[in-house]
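**Q** Fold the following and give me the result.
(one chain, ligands or ions: 1)
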Amino acid sequence: MKLHFSKMHGIGNDFVMLDCRRQPFALREEQIRAIADRRTGVGFDQLISIEPPRDPSCAFYYGIWNADGSPSGQCGNGVRCVAAWLHRAGELAIGDTVRLESPSGPVTVRLINAHEVTVDMGVPAFAPSQVPFRADVEADSYAIDVGDETLMMGAVSMGNPHAVVVVPDLQAPVLFRQGPLLTTHERFPEGANAGFVQVVDRGQLRLRVHERGSGWTLACGTGACAAMAVMHERGEVDDRVQVALPGGELTIDWAGRGQTLWMTGPAAFVFEGEWLGSRMAR
Ligand SMILES: N[C@H](CCC[C@H](N)C(=O)O)C(=O)O
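**A** So this is what the prediction gives:
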């Protein structure tokens, strides 16, 4: 089985992009995991398919799978790469604005240039049932027992579930214990992307994310949106925030509850290749 792919990244969050405009996506979960393997496969944080739309109001559909083979409803760094990929495929011109269909619904992208994209990431959803997160009532901060500690966290969906925890130090070793525990915590029935955020000032956040299905990544686009939304709800940041992740920076614009949130950042091509099929896996 030969599979042509494009390797891309969005501030270090890396992707294998599959052109499924003319042939259906047909990978089994174990094949997705085999391609994700950073030694015997290609290696990626997420695999993204580009397919014909299911929603006629959208130009294309994109599918998202984590390194463990699990599907996701949204990928912020990934959709910027989809826009850049479509530009290079001649489907999108610089300055164009187009609706793309994600598994959690449509988003609108605008190509600023060949490597910079702005995305309407939709409206952040805070109701526990929408995250989903087990809580009796909605709050801007929840106490949650993680290991032998009780953390205070925010919960929000950007089309995928996020936990957001404010920390004084992003290098604290305790994060590396709490991240995986939060991602698989029983109060998140569908798992969670666990974001640990430091508030620098009202216009700057620093963030690390332990992603559901992929672990610690250099960047998480929906995580940056989630962190900004939670801190904005608490009145701790302004309507425009620069979010610094280990792999780079994103600009997030959000005017508050019920409004659309915008994310702006880069998308980069790395190489083209061919995956020779599971017979090459270990
Ligand atoms: N791990 C996430 C999907 C990828 C999110 C991230 N890479 C982004 O840029 O938003 C999840 O299972 O919901």
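
**Q** Going by C-alpha atoms from here, please, whenever you check contacts or count neighbours.
**A** OK.

**Q** residues in the stretch 1-150 of the chain within reach of the ligand, list them.
**A** On the criterion C-alpha under 6 Å from any ligand atom, the ligand has as its neighbours in the stretch 1-150 of the chain the residues 66, 72, 74-78.

**Q** Reformat the residues you listed as CSV; add neighbour count.
**A** Rendered in CSV, the data for those read as follows (neighbours: other C-alpha atoms under 10 Å):
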residue, neighbour count
N66, 23
S72, 19
Q74, 26
C75, 26
G76, 24
N77, 30
G78, 29
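
**Q** Just put these in a markdown table and tack on pLDDT.
**A** Below are these laid out as a markdown table (pLDDT from 0 to 100):
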| residue | pLDDT |
| --- | --- |
| N66 | 98 |
| S72 | 98 |
| Q74 | 98 |
| C75 | 98 |
| G76 | 98 |
| N77 | 98 |
| G78 | 98 |
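
**Q** Among those residues, which lie within strands?
**A** Members of these lying in strands (criterion: DSSP state E): N66.

**Q** Spell out, range by range, the helices that occur in the stretch 1-150 of the chain.
**A** For the stretch 1-150 of the chain, the helices defined by DSSP state H, counting those that start in this stretch occupy 29-36, 76-88.

**Q** Quick check: which helices or strands does the shortest one pack against?
**A** Packed against helix 29-36, as judged by 3 or more C-alpha pairs under 8 Å, 6 or more residues apart in numbering; DSSP states H and E, are the following elements: strand 46-51.

**Q** and the residue nearest to G76 when sequence neighbours are not counted, what does it touch?
**A** Nearest-residue entry for G76: G221, 4.1 Å, with adjacent residues in sequence omitted and distances by C-alpha to C-alpha, 6 or more residues apart in numbering. By C-alpha atoms under 8 Å, 6 or more residues apart in numbering, G221 lies in contact with 75-78, 250, 263.

**Q** where's G221 relative to A192, distance?
**A** When C-alpha to C-alpha, to the nearest Å is the yardstick, G221 and A192 sit 14 Å from each other.
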